[in-house]
Each structure stands twice: as C-alpha cells, then as structure tokens.
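In: 3D model of this:
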Amino acid sequence: MKYDVAVIGAGIVGLASASAVTKRFPGASVVVIDKEPTIGFHQTGHNSGVLHSGLYYKPGSLKADLCVRGQRAMVEFCETEGLPFKRSGKLVVATDPSQIPAMEELLARGTANGLRGLRRINADEIKEYEPHCGGVAALHVPESGVADYQAVAVRLAEKLSGDIKLGQPVERIRSGTGGVEIDTPGGTIEARAMIACAGLHADRVAAMSGLETPGRVVPFRGEYYQLTEAASSLINGLIYPVPDPRFPWLGVHFTRRVDGRVEVGPNAVLAMGREHYRGVRPEFGELARTFAYGGFMKLAAKYWKTGAMEVWRSARSSTYAKTATKLVPEIRGEHLEPGGAGVRAQIVMPDGSLQDDFSMIKTENAIHVLNAPSPAATSSLAIGDHIANLMQGLL
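Out: Sure thing, here's the model as predicted:
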C-alpha cells in the first residue's frame, strides 16, 4: 500500500489536513489511518460544539491566527454543506468588579485579533441578550456560536479524494530518507510523507517515529452536566465566566448546542487514562505513568488547591450548581442532569508549565501535531491549510 501522504488520526484535524493536502497538491494520493472503528471517535466526538471566535489567545500566536480564520472557514463550510451551526453569540461575564481588568485584557486581545463586533456591555445590556444572567459587565462576542463537529468530520471524510482505513492501530513506524513505513494489523503502509494528528496519543506516535518531544500529553477530563428541559429556557446562547489566566481552560459555562440542549461545564480534573470517559474503566497503568512524570508533579505541586476543588466539584452536583449560579442565579442543583465527558490532550512541559499554543513539528518526512487542544475543532480547517503549507518540500 503506497501513498504520497499518510495521515494518522481520523479526527477533525486529521481529516481537515488530508483534505487541504489533496487541494494543495492535486493528484497526490492520501490515506487516513485510525485505530478506532468510527470517524472522530475521541476529542472530535466528545466536543462541546462551541464555535470559538479567537477572543482569548495571545495576538500573533498560532491559536489566535488559526482560530479567527478557522471559525470563519467553518461557518462557510457548514453553510455550503448544509450542516447545522448557529452564530448565537457569547457573553463573557464579570460577576465581580475585581474581574473587570481581566475582561478588559480579553477585549484588547480580541480587538488585536480582528474580531468583528466585539464590545463591552453593562449590566442592563446583559439582560437584553441573556435575561437570567447576572453580572456587573460583560463582553458581547457576536462571532461565537455552535456547530456539530462530528458532522463536519464525517462530511470531510465523505468528500476526501483518498482512502480511509479505520480500526487500524499504528504498531510501528520506520522513518528514512525514502519516506515512512507504518505497520498496522491490515498491512504496511508506505508513504513519501506522514502527518500525525494523533491527539491523545500524539506524543506516543511522535516517539514511535524517533522524535523526542518537548513535553508529554497529560489527559484532563472535562465533565458536563445538562440542564433539565424546564431550566433550559434560562439560557439563550453561550454564557462564559471571565477565565482564570493561569489555565488554558475557560471555566464552567453554559452552551446551548445545535440540537437545543443546554450543557453546563466542563470542569477540569486529571483523567484516569487517556480515554477515560464516563462509563469507561480507569487505566491505572496510565495514571501511574502520569504521576511518574516530573512535569506533572511540578504542575500538581503548584496548583494542588485548584485541582482539589475541581475534584470536589466533580463529586458533588450541588457544588457544581453553586459555581453555575454565579452566572445564572436561578440555577439550582435539581436543574442539573449528568451529561457527557471529554478528555483533553494537553502537553505539560518538564518544568510543570502547560503548553498554551498549538504546537507542530516538521521533520525530514513528517509533520507532527503535538499540541492541539481547544480551539482545535473550530480552527481545524485553518490548521489543515497551515499543515498543507508546511508540506512544501516534503512532496
């Protein structure tokens, strides 16, 4: 089985990259490989569906550039393909005057990143968008919304002019001057170049290729609740808190999804395995490897109080509800029903810091996407174009 390009990972980033390569290099043969039996099984399929605007990210970073371009490309793709999406807009709400400086920093970032229509609003204006939301001030972000990223991934797969091989875990990678050889249960795949979009297993695939990564993936689990049908009328669109600038996640928030359900969350706790979803048994060996990693232990030592609070909130819906009432005071514990859970692949560096920006490494015959957490789904089409640009010289 010989191809010009082999893509490891049939999530939305891998499929967007494969699609972009076929457009940039007409006639190039492409194969997408994934160990799971279905498209978008992991982060794509456990995504909240939020269409991020590019508000939060440092101007000039890959995240800022690719998110802003990516969300506009995503809207165009969904419109063209007839896929569900909604530009519902978002409020980032300061519930206390002490949060206003951080909110103003977000306004400055969003403005620098070129967001359209972004503006600060007062407490009375908040009620015009979200009548049940409490706050002293907020940012109104009209370019935010929701989409169905699983549907996007499936459509990208349907339109791809290449092969897709599911249920084929990568067993071995051999890299040389002539290209790469990827061993799978279905046989060996030879390719001139490889794109690795392995998400939760990105560092392991890189290591199989002989690449020494700057950090390693530590899985963080985000757990969601869902509002009861009676309480869901309290939310019109997206309501977010002003985030803690120390962490890459955005805090417990409200999301009215494309199907009308309203999710509350996620929190952020250490996952007991890279694929530790609700109803899935913990991987204690994986958990032990996480605790054995010095970078994680340095992170834990610095933020153990925050981590303990997240675990406590995870165990008690009443505590979860108390967090949610800061944004919507009418929410009560009985309004929350268990929802889904997702696992975020986050690169933690040896010094205990979290790698904030997207990270891609180009080698002699491969491109490795090492760190692509949120907003990777929103940014996926722009990430694909970026990777296609990086492929210059490999084909």
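In: Can you classify Thr319 by secondary structure?
Out: Counting by DSSP: H, G, I helix; E, B strand; the rest coil, the backbone at Thr319 sits in helix.
In: what's around it, how many residues?
Out: 15 (other Cβ atoms under 10 Å). Placement of C-beta: from N, CA and C, glycine included.
In: State the distance from it to Asn267.
Out: For Thr319, the distance to Asn267 equals 10 Å [Cβ to Cβ, to the nearest Å].
In: same thing with Leu354?
Out: From Leu354 to Asn267 the distance is 16 Å (Cβ to Cβ).
In: who has more neighbours, these two?
Out: The neighbour comparison of Leu354 against Asn267 (other Cβ under 10 Å) goes to Asn267, with 24 against 20.
In: Next one: the more buried one from Thr22, what distance?
Out: Distance of Asn267 to Thr22, computed by Cβ to Cβ: 39 Å.
In: so Ser379 sits in a strand?
Out: No. Under three-state DSSP, Ser379 sits outside any strand and is assigned helix.
In: Just to check, it is in contact with Ala64?
Out: No. Ser379 lies out of contact with Ala64 (Cβ atoms under 8 Å); the separation is 9.9 Å.
In: So between these two, which is more surrounded?
Out: Set Ser379 next to Ala64 and count neighbours by other Cβ under 10 Å: Ser379 wins out with 31 against 23.
In: Now do the same for the residue lying closest to that one once chain neighbours are set aside: its pLDDT.
Out: Nearest residue to Ser379, sequence neighbours excluded (Cβ to Cβ, 6 or more residues apart in numbering): Gly70, at 3.5 Å. pLDDT for Gly70: 98.
In: Can you classify Gly70 by secondary structure?
Out: With three-state DSSP as the basis, Gly70 sits in helix.
In: correct me, but it touches His386?
Out: No. With contact defined as Cβ under 8 Å, Gly70 does not reach His386; the gap is 9.5 Å.
In: Compare these two (neighbour count), which wins?
Out: Per other Cβ under 10 Å, whichever of Gly70 and His386 has more neighbours is Gly70, with 28 against 23.
In: What's the separation between the more buried one and Leu381?
Out: Applying Cβ to Cβ, the value for Gly70 to Leu381 is 6 Å.
In: for Met272, same thing?
Out: 33 Å.
In: Between the two, point out the one with more neighbours.
Out: Of the pair Met272 and Leu381, Leu381 is the one with more neighbours under other Cβ under 10 Å, namely 27 against 17.
In: burial count for Ala102?
Out: The burial count for Ala102: 15, using other Cβ under 10 Å.
In: Not counting sequence-adjacent ones, nearest residue to it?
Out: Val242 (5.1 Å).
In: Double-check that neighbour against Gln99; I have them as touching.
Out: Yes. If you go by Cβ under 8 Å, Val242 and Gln99 touch, sitting 4.3 Å apart.
In: The helix or strand harbouring Glu128: which residues count as buried?
Out: Per DSSP states H and E: Glu128 is located in helix 123-129. Within helix 123-129, the residues that count as buried by 16 or more other Cβ atoms under 10 Å are Ile126, Tyr129.
In: I'd like to know which elements it is packed against.
Out: Secondary-structure packing of helix 123-129 (3 or more Cβ pairs under 8 Å, 6 or more residues apart in numbering; DSSP states H and E): strand 90-94, strand 137-141.
In: could those go into TSV alongside mean neighbour count?
Out: Shown next, in TSV, are those (neighbours: other Cβ atoms under 10 Å):
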stretch	mean neighbour count
strand 90-94	27
strand 137-141	23
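In: need these in JSON lines with mean pLDDT and distance to Leu250, can you?
Out: Output for those, formatted as JSON lines (pLDDT from 0 to 100; distance: least, Cβ to Cβ, whole Å):
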{"stretch": "strand 90-94", "mean pLDDT": "97", "distance to Leu250": "9"}
{"stretch": "strand 137-141", "mean pLDDT": "98", "distance to Leu250": "12"}
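In: what domains does the record give for this protein?
Out: 1-85+145-214+355-395, 90-142, 216-354 (automatic domain parsing).
In: and His132, helix, strand or coil?
Out: For His132, the assignment made with three-state DSSP gives coil.
In: any chance you could map the strands in the stretch 251-395 of the chain?
Out: Counting by DSSP state E, counting those that start in this stretch, the stretch 251-395 of the chain has strands at residues 253-256, 262-265, 269-270, 336-348, 359-362, 366-371.
In: least reliable of those going by mean pLDDT?
Out: In terms of average pLDDT, strand 269-270 trails the rest of the strands of the stretch 251-395 of the chain, at a mean of 86.
In: Partner strands of it and their direction?
Out: Next to strand 269-270 in the sheet, as set by DSSP bridges, lie strand 216-227 (antiparallel).
In: where does the protein have low pLDDT?
Out: Low-confidence segments of the chain, defined by pLDDT under 70: 245-249, 307-318.
In: Help me confirm that Gly339 comes into contact with Gly222.
Out: No. Contact criterion Cβ under 8 Å: Gly339 and Gly222 do not qualify, at 10.3 Å.
In: With neighbour numbers in mind, choose between the two.
Out: Under the criterion of other Cβ under 10 Å, the comparison of Gly339 against Gly222 puts Gly222 first, with 22 against 18.
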